[in-house]
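Novice: okay, predicted coordinates and the sequence, questions at the end:
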Amino acid sequence: MVKHVFIYSNDTEFSLPIKEKIRAFFSNSSSLEEDAVLTQDTDLIICIGGDGTLLHLIHELNFPETPIVGVNTGHLGFFQDLQPTEVEDFLKRWIQSGQHVQLYSTIQSQIWTGDKMTTLYGLNEMVIRGRTGSVIHLGVSIGSSFIEHFSGDGLLVSTPAGSTAYNYSLGGSIVDPRLELLQVTPIAPMNNNSYRSFTSSLILPSDYTLRMEPEEPHSFVQIETDGFVYPFQNVKTIRISYSKKKLRCIRILGHDFWKKVKDKYLG
Ligand code: NAP
Ligand code: MN
């Protein structure tokens, strides 16, 4: 049976030749066919680039359920397991037997402005910030308990997948993606005679919701998710939780998250 594959790539000098090589391989194969667009019948997405490329793919294609295999071009690639030279062997194996898929949980924000509610989805994180150059003041609750009046640059809520990205730069912990949790990491929290905020990350179970209420009238809030930025006026409440959307990333035998962490951060 013919298998349908969609190729997504960034347009660097490293990625484009790999895309062409994969196409040449398809034209010599009776079992593989390229889909020009992603459809219900697509069996596999090949993503060529870095982690940022995978983030662009999932936002552009609205969090597809089709399994994704990443080909890493010039980055360490937490989501990418294949080196460019390994693609053809991978495809031969995949046609025969499929491959191990790792599910990634995603995060959602619901933002209420007056009567209107907007939902945003992310794989790495949700960042809640105020106007550039201003402190944001947020009332923060976890589940049904009020926990703090936060003042500072903002709060970042990370998934395990996002823990190695912006979360880590802010001093948050690296989390094994096999765990299901949310990590709330403060961005420049203020602590003085007027304001008191937690200074370390808080770890929540995945079935909890974090609620934030801006403590100023006509509040401007900027939400950043996976590098995409969304401004909101008159924000009343923001709720952040796990979402039902799951990503399916193909994991190659020998893949080891902790080895990638060591290679990327300690060399
Ligand atoms: P970018 O500004 O071009 O690059 C951000 C960097 O983060 C890239 O090196 C990217 O890797 C890396 N990255 C992305 N997801 C990662 C993950 N899950 N684990 C480890 N590293 C990861 O933006 P982008 O490439 O579109 O990525 C968006 C992400 O940038 C956001 O989700 C946020 O986490 C991160 N970010 C980080 C900082 C910071 O560390 N100070 C500030 C803002 C945003 P590749 O080179 O492989 O693409
Ligand atoms: Mn990038």
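Specialist: All right, it came through fine. Ligands and ions are numbered 1, 2, ... in the order given.
Novice: so Glu125 versus Leu182, what's the distance?
Specialist: 10 Å (Cβ to Cβ, to the nearest Å). For the C-beta atoms, the positions are set from N, CA and C on the backbone; glycine is no exception.
Novice: ok, now Glu224?
Specialist: In terms of Cβ to Cβ, Glu224 sits 16 Å off from Leu182.
Novice: same question, Ser141
Specialist: 14 Å.
Novice: now swap in Arg23 and tell me
Specialist: When Arg23 is compared with Leu182 (using Cβ to Cβ), they lie 40 Å apart.
Novice: quick one, which of the two is more surrounded?
Specialist: Remark: of Arg23 and Leu182, Leu182 carries more neighbours, 27 against 11, as counted by other Cβ atoms under 10 Å.
Novice: can you list contacts of the helix or strand hosting that one?
Specialist: Using DSSP states H and E, Leu182 sits within strand 181-189. By Cβ atoms under 8 Å, 6 or more residues apart in numbering, the surrounding residues in contact with strand 181-189 are 107, 127, 129, 150-160, 163, 167, 170-173, 175, 197-206, 208, 210, 240-242.
Novice: just the buried residues of those.
Specialist: 107, 127, 129, 150-160, 163, 167, 170, 172, 175, 197-198, 201-202, 204, 210, 240-242 (16 or more other Cβ atoms under 10 Å).
Novice: out of the contacts of strand 181-189, which are inside helices?
Specialist: Asn167 (DSSP state H).
Novice: in strands, which of the contacts of strand 181-189 fall?
Specialist: Filtering the contacts of strand 181-189 for membership in strands, criterion DSSP state E, returns 107, 127, 129, 150-158, 202-205, 210, 240-242.
Novice: mind listing what's buried along the helix or strand where Tyr121 lies?
Specialist: Following DSSP H and E, one finds Tyr121 within strand 116-122. For strand 116-122, the neighbour count (16+ other Cβ under 10 Å) marks 120-122 as buried.
Novice: turn those into JSON lines, including pLDDT and distance to Lys262.
Specialist: Putting the buried residues of strand 116-122 into JSON lines (pLDDT from 0 to 100; distance: Cβ to Cβ, whole Å) gives the following:
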{"residue": "Leu120", "pLDDT": "98", "distance to Lys262": "33"}
{"residue": "Tyr121", "pLDDT": "98", "distance to Lys262": "30"}
{"residue": "Gly122", "pLDDT": "98", "distance to Lys262": "26"}
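Novice: closest one of the residues you listed to Ile18?
Specialist: Distance to Ile18, by Cβ to Cβ, is smallest for Gly122 among the buried residues of strand 116-122, at 27.2 Å.
Novice: tell me the SS of the residue in the chain that ligand 1 sits nearest to?
Specialist: Relative to ligand 1, the nearest point of the chain is Gly52 (2.1 Å; Cβ to the nearest ligand atom). Look at Gly52: counting by DSSP: H, G, I helix; E, B strand; the rest coil, its state is helix.
Novice: correct me, but it touches Asn124?
Specialist: No. Gly52 is beyond contact range of Asn124, at 10.1 Å (criterion: Cβ atoms under 8 Å).
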